[in-house]
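Trainee: Fold the stuff below for me.
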Amino acid sequence: MKTKIILGTEFEEEFFTILDRIIVETPQSVFQQLQRISEKIQYG
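Mentor: Sure thing, here's the model as predicted:
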């Protein structure tokens, strides 16, 4: 497995935004978001 460096690249901000979401959000809030997305896809 190759390790890629994120710091100092164009992806640094996006990486830390995603990491913050993972740390802050609870499994319940993630489930609710996924459920909303699936309903949008299913019902348009």
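
Trainee: count of residues packed around residue 9?
Mentor: When neighbours are counted by other Cβ atoms under 10 Å, residue 9 registers 11. Every residue, glycine included, has its C-beta placed from N, CA and C.

Trainee: Tell me the secondary structure of it, please.
Mentor: Using DSSP: H, G, I helix; E, B strand; the rest coil, the secondary structure recorded for residue 9 is coil.

Trainee: Let me know the distance separating it from residue 41.
Mentor: Taking Cβ to Cβ, to the nearest Å as the criterion, residue 9 is separated from residue 41 by 31 Å.

Trainee: And for residue 11?
Mentor: Plainly put, residue 11 is 26 Å away from residue 41 if you go by Cβ to Cβ.

Trainee: where in this protein is pLDDT low?
Mentor: Counting by pLDDT under 70, the ranges of the chain that qualify are 1-3, 44.

Trainee: can you map out the helices along it?
Mentor: Along the chain, the stretches classed as helices by DSSP state H are 12-24, 27-43.

Trainee: re earlier: of residue 11 and residue 41, who's got more company?
Mentor: The residue with more neighbours, out of residue 11 and residue 41 and counting by other Cβ under 10 Å, is residue 11; that gives 13 against 8.

Trainee: hmm, back to that, want to throw the helices of the chain into CSV with distance to residue 4?
Mentor: CSV is the format used below for the helices of the chain (distance: least, Cβ to Cβ, whole Å):
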stretch, distance to residue 4
helix 12-24, 10
helix 27-43, 25
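
Trainee: out of those, nearest to residue 5?
Mentor: Of all those, helix 12-24 sits nearest to residue 5, with 9.5 Å by Cβ to Cβ.
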